[in-house]
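Visitor: Generate a structure from the sequence data that follows.
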Amino acid sequence: MRSERYRARFMHEGRRYSAPYTFGTKGEANEFLASERTAIINGTWMDFEMRERFERAQLEAEERMMETFFSYASRWIETRTNAQGKKLSQGVKDDYFRYIKSDRLSYWADYALCAITVADVREWYSDTIQDGKLTSMARSYSMMKSVMETAVEDGIIPTNPCKVRGGGNTKTGKRLIPQPMPSLKRTLVHCRVSTFVWLLLLLPAHFDSVKSLRYEPPMSMFILIAADL
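Guide: Below is the predicted model of the structure:
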C-alpha cells in the first residue's frame, strides 16, 4: 500500500476475511492474524459482523447496568401495565412518581442499579423505618422491590437486592378502636367505588340523609357528610 499501512487477510471455511481496519506495521498485522488463528483453533472465533453485534450488545448491557435507580424506575412506571395488560392510568403513574421522589426512595435516585446490594438495602430499611411510619415504609419498599425484580427479568442485574423479611408488610400492630356511630357528627369517606353505595353500607340507618346528598361523578374523591346522625 502506498500509504505504508498493512491490511490483514485470511481464509476460513472456504471464505476470505479482511480485517475491518488497517495496521501501521507488518508486525501488527501479523499479531492480528495470529489472534484470529488462535480463536479459530479454540472454537471461539466469530465473523466481524457478528463480533460487532456482540460487542454492541455488551456495551448496551453495561450501560443498562450503570443506569440509575431513578432513571430506570421512571421508565418502569411509563411502561408498566396492569393485570389486564393495559397501560397504567395517569393518576396511578403520578402516585408512583411521588413514591420515587419521596424522601425514602429518593435516597436511591443516583445509585446505579448494579451498585445496589442486599446489605445496602437492609441498612437503608433499618435506618429509615425508625421514624415509625410503617405503612409508608412498606409501600416504598414494595415498590422498590418490584422495580428491582423487573430489572432482574430484563437481565440488567443478576438478583433482586430487596430481601428484607417482612419489608412489605403494612400491618402496624396497632389495634383500631371503633367509634359508636351516634357520636359521629361528620364522617370523611375516601372511596374508589360508588360513593352512594359506600354511604349506604356505612350508614344504613340514615338512608334519607344519604339519599339527599349530591353525588359528583369523579370516582375517587373526598365526600364530607354533614348529616346529623
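Visitor: how about residue 161, what does it touch?
Guide: Taking C-beta atoms under 8 Å, 6 or more residues apart in numbering, we find residue 161 in contact with 116, 117, 118, 120, 121, 148. Placement of C-beta: from N, CA and C, glycine included.
Visitor: Go again with 6 Å.
Guide: Neighbouring residues of residue 161 by C-beta atoms under 6 Å, 6 or more residues apart in numbering: 116, 117, 118, 121.
Visitor: Look at the spatially closest residue to the last one that is not a sequence neighbour and report its pLDDT.
Guide: Closest residue to residue 121 in three dimensions, ignoring its sequence neighbours and counting by C-beta to C-beta, 6 or more residues apart in numbering: residue 161, at 4.9 Å. Per-residue confidence (pLDDT) for residue 161: 96.
Visitor: now do residue 131
Guide: 84.
Visitor: cool, residue 57 as well?
Guide: At residue 57, pLDDT is 80.
Visitor: what's the helix or strand for it?
Guide: According to DSSP states H and E, residue 57 maps onto helix 48-65.
Visitor: Check which helices and strands whatever helix or strand comes next after that helix is in contact with.
Guide: As assigned by DSSP H and E, the chain's next helix or strand after helix 48-65 is helix 69-79. On a contact count with 3 or more C-beta pairs under 6 Å, 6 or more residues apart in numbering; DSSP states H and E, helix 69-79 meets helix 90-100, helix 134-153.
Visitor: hey, C-alpha coordinates of stretch 71-82 in PDB?
Guide: Extracted C-alpha coordinates of stretch 71-82, given in PDB (Å, rounded to 0.1, in the frame of the first residue of the first chain):
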ATOM      1  CA  SER A  71     -34.000   6.700  35.600                       C
ATOM      2  CA  TYR A  72     -34.900   3.000  35.400                       C
ATOM      3  CA  ALA A  73     -37.800   3.400  37.900                       C
ATOM      4  CA  SER A  74     -39.200   6.300  35.700                       C
ATOM      5  CA  ARG A  75     -39.100   4.000  32.600                       C
ATOM      6  CA  TRP A  76     -40.600   1.200  34.700                       C
ATOM      7  CA  ILE A  77     -43.600   3.500  35.600                       C
ATOM      8  CA  GLU A  78     -44.100   4.600  32.000                       C
ATOM      9  CA  THR A  79     -44.000   1.000  30.600                       C
ATOM     10  CA  ARG A  80     -45.800  -0.700  33.500                       C
ATOM     11  CA  THR A  81     -49.100  -2.500  32.700                       C
ATOM     12  CA  ASN A  82     -52.000  -3.600  34.900                       C
END
